[in-house]
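Student: Task: produce atomic coordinates for the following.
(chains A and B)
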Amino acid sequence: MTDLTDLGIAGIRDGVRDGSFTARDVADAFIVKVSQAKALNAFLVETPEHAIAAATAADTARAAGETLKPLAGVPIGMKDLFCTKGVTTTAASHILEGFTPTYESTVSQNLWDAGAGMLGKLNMDQFAMGSSNETSAFGNVISPWKRNDGGNASLAPGGSSGGSSSAVAARLCPGATGTDTGGSIRQPAAFTGISGIKPTYGRCSRWGTIAFASSLDQAGPMARDVRDCAILLEAMAGFDAKDGTSLQLDVPKWEAGLSASLVGLRVGIPKEYRVDGMPEEIEALWQKGIEWMKDAGATIVEVSLPHTKYALPAYYIIAPAEASSNLARYDGVRYGIRDLPAGSGLQDMYAATRADGFGPEVKRRIMIGTYVLSAGFYDAYYTQAQKVRTLIARDFEKAWETCDVLLTPTAPSAAFALGEKSADPIAMYLNDVFTVPSSLAGLPAMSVPGGLDKQGLPLGLQIIGKPLDEQGVLNAGLAIEQRAGFTARPEAWW
Amino acid sequence: MSVDTATVKRIASLARIAITDEDAARMAPELGNILGWIEMLGEVDTTGVEPMTAVIPNTLRLRDDVVNADPLTGGNIREQVLANAPVAEHGFFAVPKVIE
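Tutor: Residues are numbered from 1 along each chain as shown, chains lettered A, B, ... in the order given. Below is the predicted model:
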């Protein structure tokens, strides 16, 4: 019998449906894998009882001859940014330690309604702020991948959805939720050789998702292939009246619409994404991606996104500004920890609680956000950044006059070792150079694995689409997937 | 862009984050570097450009004016609201005394 944990979402769903195995068998197999993988530190909380309950429901429904739900029998991992009723949710921050939501986020509820079960809550960069998972208050997540140089350096799984990427790459779960503010689904997917899609801003409800930068935050799936991403995204997305920016649109049948034929598709190659110092191997993979697109019937056009280099600095004004406002709610009054120095008053309590509860990167971003929004600086920084954001969105609109999707590398490097970049915040921020522009414009974008570098580490290709054209993005991703033939997987050492 | 220790302490105070002199001194050059880097936005000509307010065109909806339109966000859930409070008393969030 095949190892059930080698199956993806579609394989599990179909197998449970046709009775090849039971949902309970699947849940049990993954629960064991999760419990044996502590060395990766991917899970903050394990919830075997949740996964078993969902599996039992699926098996019972099948035995009764009922039509199975879209994700019946599929256990997944849930990023700890999503509030889960009765299950501790901390966003990997000390300030929320002990917080047990009394409600369920819309995205997670949608998944449970579709029949999925939860294996546990996944570690992440604290409040989703980071690109390496080194800002979690509960320890680094370790990538299952190792360099092939004989060394034993622990590698970053990417961030902020690093628990999700590590867990999916290590086959601890067939799929996981992620969230993407400036690349937090796509960069970790690229670092670990899996797929992940950030849909158009507004497709997935933000209700019950712990807020970082509200004008950018979007949930999306991370899984081993494009089809699995399509299946999960269909279940996660949908209109929600509780989120003022939720799009009131039907969820397309993305899985049924998958097609790897790109005949007639115009693929844009943005010349500004050829950045100085980019490793040759990434350049070469990008070129391969272009050939794969042509092979699938697409035509290639060069396009220009002239404001690309201003995307990161604009992002590092807008995201911290929104974060400084969103994170004002952690005050030691309503949830999480409270630090009340002896004999002190309310103001001291706020300051002490926040000093104790937030990690260094979160404090850094709150401080930057506070600074750029403070009197006298607001227009020079924040308003200017929002104007530049308009120009970045216009660059994309202009590009859509001559192409349908864009193809770029996902990240400017393969996974780096833990500690390698953590001393220099700007070097860390530069990791998101290719993912941030599409976030600022709210566009759907996905990363698919393209190959391995000389060190044996995965590299990803990114596809960016027009607003609401997740289908175009998924299809281009599928065309790459079929041609890249990426089957590499990390050897289990954990 | 140089940021001095006094500025760091002022920002920390606005953000309600307690900070030691030592940490403020450490953060000053760090914030200075980041602010210096983002200042490159100043070179972009944004004359006549409207600041972004919504990335994807959307209309703001009004919900029906009814009580408890959605039970998840409705009323009569005091115990749930207070369930995670570090200190709750008599059905309220409790904080240190603020009036003498």
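Student: Which residue comes closest to the closest residue to chain B within chain A once chain neighbours are left out?
Tutor: Across chain A, no residue is closer to chain B than A:G442, which sits at 3.0 Å (C-beta to the nearest C-beta). For the C-beta atoms, the positions are set from N, CA and C on the backbone; glycine is no exception. Sequence neighbours aside, B:V55 is the residue nearest to A:G442 in space, at 3.0 Å (criterion: C-beta to C-beta, 6 or more residues apart in numbering or on different chains).
Student: Output the set of residues of the stretch 101-250 of chain A in proximity to chain B.
Tutor: Neighbours of chain B within the stretch 101-250 of chain A, by C-beta under 8 Å from any C-beta of the partner chain: A:101-103, A:200-202, A:215, A:241-242, A:244-245, A:247-248.
Student: low-scoring pLDDT stretches of the chain, where are they?
Tutor: Because you didn't say which chain, this covers chain A. Scanning chain A for pLDDT under 70 picks out A:1.
Student: The chain in question should be chain B.
Tutor: Short version for chain B, where the test is pLDDT under 70: B:1, B:100.
Student: all helices for it, in order.
Tutor: With DSSP state H, the ranges of helices along chain B come out as B:5-14, B:21-38, B:78-82.
Student: Can you lay out those as JSON lines showing distance to A:T67 and mean neighbour count?
Tutor: Shown next, in JSON lines, are these (distance: least, C-beta to C-beta, whole Å; neighbours: other C-beta atoms under 10 Å in any protein chain shown):
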{"stretch": "helix B:5-14", "distance to A:T67": "56", "mean neighbour count": "18"}
{"stretch": "helix B:21-38", "distance to A:T67": "53", "mean neighbour count": "17"}
{"stretch": "helix B:78-82", "distance to A:T67": "34", "mean neighbour count": "13"}
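Student: got JSON lines for the ones you listed, with distance to A:A296 too?
Tutor: Shown next, in JSON lines, are the helices of chain B (distance: least, C-beta to C-beta, whole Å):
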{"stretch": "helix B:5-14", "distance to A:A296": "51"}
{"stretch": "helix B:21-38", "distance to A:A296": "39"}
{"stretch": "helix B:78-82", "distance to A:A296": "52"}
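Student: Using CSV, lay out the ones you listed together with distance to chain A.
Tutor: Below are these laid out as CSV (distance: least, C-beta to the nearest C-beta, whole Å):
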stretch, distance to chain A
helix B:5-14, 5
helix B:21-38, 4
helix B:78-82, 4
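Student: could you list every residue that touches the nearest residue to A:P341 once chain neighbours are set aside?
Tutor: Distances taken as C-beta to C-beta, 6+ apart put A:A352 closest to A:P341, at 5.3 Å, once the chain neighbours are dropped. By C-beta atoms under 8 Å, 6 or more residues apart in numbering or on different chains, A:A352 lies in contact with A:G332, A:D339, A:L340, A:P341, A:S344, B:A18.
Student: Name the helix or strand for A:A352, please.
Tutor: Element membership for A:A352, per DSSP states H and E: helix A:346-357.
Student: Could you pull out the buried residues of the helix or strand just after that helix?
Tutor: Moving toward the C-terminus from helix A:346-357, the next helix or strand (DSSP H and E) is helix A:360-373. Neighbour counts using 16 or more other C-beta atoms under 10 Å in any protein chain shown place A:361-373 of helix A:360-373 among the buried residues.
Student: Would you point out which residue is most central in chain B?
Tutor: B:A15 (8.0 Å; C-alpha atoms, centre = their mean).
Student: among the contacts of A:A352, who's most crowded?
Tutor: Highest neighbour count within those: A:G332, with 25 neighbours (other C-beta atoms under 10 Å in any protein chain shown).
Student: so that residue sits right up against A:P341, yeah?
Tutor: No: counting by C-beta atoms under 8 Å, A:G332 sits too far from A:P341 to count as a contact (11.4 Å).
Student: any shared contact partners between the two?
Tutor: A:M349, A:A352.
Student: show me what contacts A:N148?
Tutor: Here A:N148 is in contact with A:Q455, A:G456 (criterion: C-beta under 8 Å, 6+ apart).
Student: any idea how far A:Q109 is from it?
Tutor: Separation of A:N148 from A:Q109 (C-beta to C-beta, to the nearest Å): 42 Å.
Student: Need phi/psi at A:Q482.
Tutor: With angles defined as degrees, to the nearest 10, A:Q482 sits at phi -70, psi -30.
Student: which residue packs closest to it, ignoring adjacent ones?
Tutor: A:A260 is the one closest to A:Q482 (C-beta to C-beta, 6+ apart), at 5.3 Å.
Student: Now for the residue in chain B positioned nearest to chain A: which residues touch it?
Tutor: Residue nearest to chain A within chain B (C-beta to the nearest C-beta): B:V55, separated by 3.0 Å. Residues in contact with B:V55, defined by C-beta under 8 Å, 6+ apart, are A:Y201, A:S215, A:A393, A:L440, A:A441, A:G442.
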